[in-house]
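**Q** Test case, fold it:
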Amino acid sequence: MIRLENTSIAFSGKPVISDLSFSIGESEHVAVLGKNGSGKSSLALYLAGVIPDLIEAQVGGKKQVPEKTALILQNPSSQFFALSVEQELGKKPASRFEMNSLWDKSVFELSEGEKQKVNLVANLMNESFAILLDEPLELLDPQEANRFQTLVEKEKEKTVVWFDKDERFVKNWKKIPLSPLSTASLSKPRLPSTGKTVLHADFSVSRESFHLNASFSLSENEKIAFIGKNGSGKTTLLKALAGIFPVFGTFSSSLGYAFVPQNPGQILFESTVEDVAAPGRLAELGITAFSKRHPLLLSKGEQKIVSLAATPHNSVLLLDEPTTWLDAERRKNVYGFISGAFQPMIIATHDEELLQYCHRIFLVENGGIKECSASTARRFFHPIRRN
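**A** Residues are numbered from 1 along each chain as shown. Here you go, the predicted structure:
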């Protein structure tokens with residue numbers, strides 16, 4: 001049983017949750033839904049005891065939560081305690097988790113999506129009575145999101161509370177709203193015309209046991225998307241172009257590069273959002289209201305869109321999952337930014353809607369990249385669901 005009575009949560013006197021009450025029965029599966037900034041993550045941290053024990057906040061009301069309650073955070077890296085997958089999990093997972101390919105790996109070899117898979121398996125394997133899931137599938141590729149959604153739904157003996165910005169994965173669950181869900185109608189994409197070639201790339205990059213070959217070009221104002229499974233090399237490709245990883249071969253551009261990582265907290269160091277943003281970016285992304293706020297006091301989704309505002313003009317933008325954690329309204333803002341910007345972009349994404357705002361799509365698989373059609377992309381995003 002999980003029960004809240006007249007619960008309130010505030011940070012430095014600013015309310016995040018006010019007078020919230022609900023009851024969740026033993027073994028019940030319930031979704032807590034709300035748009036970016038509605039307090040979902042704060043509520044999950046409060047239920048898990050992280051707030052106020054480890055994160056200072058002003059809280060009120062009554063709380064009842066099972067003693068053995070597991071929490072899966074949005075950022076998987078913050079929950080690792082070991083250096084290898086084997087050490088992190090402790091014992092070989094059941095075959096249904098399909099972890100053999102990751103079992104012998106160091107955590108430093110894993111992509112963010114692979115880290116989240118390890119995190120999910122570790123918590124589904126433990127003996128907790130309740131699991132709190134904070135947007136648990138956001139970092140997974142479509143096939144793996146499909147698979148783990150099924151695994152969570154089969155946890156019939158545990159109480160499961162799923163926090164999310166929309167009901168995509170929890171359509172048939174009982175729902176507790178923290179705010180009206182964000183909605184946005186998308187306009188027909190208007191892509192800018194492309195110009196002369198600004199980037200030639202023909203290189204390979206190696207990390208541990210992983211190897212990727214890449215050969216492609218990019219034109220002025222062109223937006224190209226890279227799709228692929230977790231661990232296929234999308235982030236590695238972007239980091240190689242950004243100069244973070246050494247390469248064998250060549251790539252040359254008449255412009256500089258600006259890399260925006262998956263985790264926005266890695267680049268938000270200023271004390272206000274307006275100090276982070278490049279000129280005009282807040283207006284382009286529709287977030288001028290954030291200008292005086294501290295970036296690290298924003299929700300994960302709000303931080304994500306602010307990280308895009310930090311990108312300079314007159315550069316090739318390297319965007320790693322730019323719509324992760326964003327609600328519908330914020331995603332629409334990012335789509336408009338991508339399609340309307342007169343500068344080239346290379347985008348790694350698991351967001352199918354974003355593809356219509358790109359000129360070309362490349363599939364990353366089997367250690368290489370290849371341009372693919374819209375129909376191939378659709379097959380990637382709509383795998384047959386396994387029961």
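**Q** Sheet partners, orientation included, of the lowest-mean-pLDDT helix or strand in the chain?
**A** Among the helical and strand segments of the chain, the one scoring lowest on mean pLDDT, DSSP states H and E is strand 248-253, with a mean of 88. For strand 248-253, sheet partners with direction are given as strand 197-207 (antiparallel), following DSSP bridges.
**Q** what mean pLDDT would you report for the strand it pairs with?
**A** Strand 197-207 shows a mean pLDDT of 93.
**Q** Distance from the chain centre to it, please.
**A** Shown here is strand 197-207, whose average C-alpha point lies 25 Å from the average C-alpha point of the whole chain (Cα atoms, centre = their mean, to the nearest Å).
**Q** Who does the residue nearest to Leu297 when sequence neighbours are not counted form a beta bridge with?
**A** Of all residues not flanking Leu297 in the chain, Phe11 sits nearest, at 6.9 Å (Cβ to Cβ, 6 or more residues apart in numbering). Heads up, the C-betas are built off the backbone N, CA and C, glycines and all. Here Phe11 sits in beta bridges with Lys14, going by DSSP bridges.
**Q** so Lys229 sits right up against His350, yeah?
**A** No - checked against Cβ atoms under 8 Å, the pair Lys229 and His350 is beyond contact range at 9.5 Å.
**Q** Could you check how far the residue nearest the centre of the chain is from Pro261?
**A** In the chain, the centroid-proximal residue (Cα atoms, centre = their mean) is Thr324; its distance is 3.6 Å. In this view, Thr324 and Pro261 are 11 Å apart by Cβ to Cβ, to the nearest Å.
**Q** quick one: the strands in the stretch 201-350 of the chain?
**A** Taking DSSP state E, counting those that start in this stretch as the criterion, the stretch 201-350 of the chain contains strands spanning 210-219, 223-227, 248-253, 256-260, 315-320, 345-348.
**Q** Now do the buried residues in the least confident helix or strand of the chain.
**A** Residues 251, 253 are the ones in strand 248-253 that count as buried (16 or more other Cβ atoms under 10 Å).
**Q** now stretch 156-170
**A** Residues of stretch 156-170 classed as buried by neighbour count (16+ other Cβ under 10 Å): 158-166, 169-170.
**Q** Could you do stretch 6-23 as well?
**A** Buried positions in stretch 6-23, judged by neighbour count with 16+ other Cβ under 10 Å: 7-9, 16-17, 20.
**Q** Make a markdown table out of these and add pLDDT and distance to Ala57.
**A** Rendered in a markdown table, the data for the buried residues of stretch 6-23 read as follows (pLDDT from 0 to 100; distance: Cβ to Cβ, whole Å):
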| residue | pLDDT | distance to Ala57 |
| --- | --- | --- |
| Thr7 | 97 | 12 |
| Ser8 | 97 | 10 |
| Ile9 | 97 | 6 |
| Val16 | 94 | 8 |
| Ile17 | 96 | 10 |
| Leu20 | 97 | 14 |
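**Q** Quick check: Lys68 touching Glu127?
**A** Yes - in terms of Cβ under 8 Å, Lys68 counts as a neighbour of Glu127; the distance is 6.5 Å.
**Q** With neighbour numbers in mind, choose between the two.
**A** When Lys68 and Glu127 are compared for neighbours, Lys68 comes out ahead with 12 against 7, by other Cβ atoms under 10 Å.
**Q** For Glu220, give its distance to Ala348.
**A** Relative to Ala348, Glu220 is positioned 21 Å away (criterion: Cβ to Cβ).
**Q** Looking at those two, which is more packed in?
**A** For the pair Glu220 and Ala348, the greater number of neighbours falls to Ala348 (23 against 17), based on other Cβ under 10 Å.
**Q** ok, now which ones touch the more buried one?
**A** Contacts for Ala348 were tallied using Cβ atoms under 8 Å, 6 or more residues apart in numbering; they are 225-227, 234-235, 237-238, 319-321.
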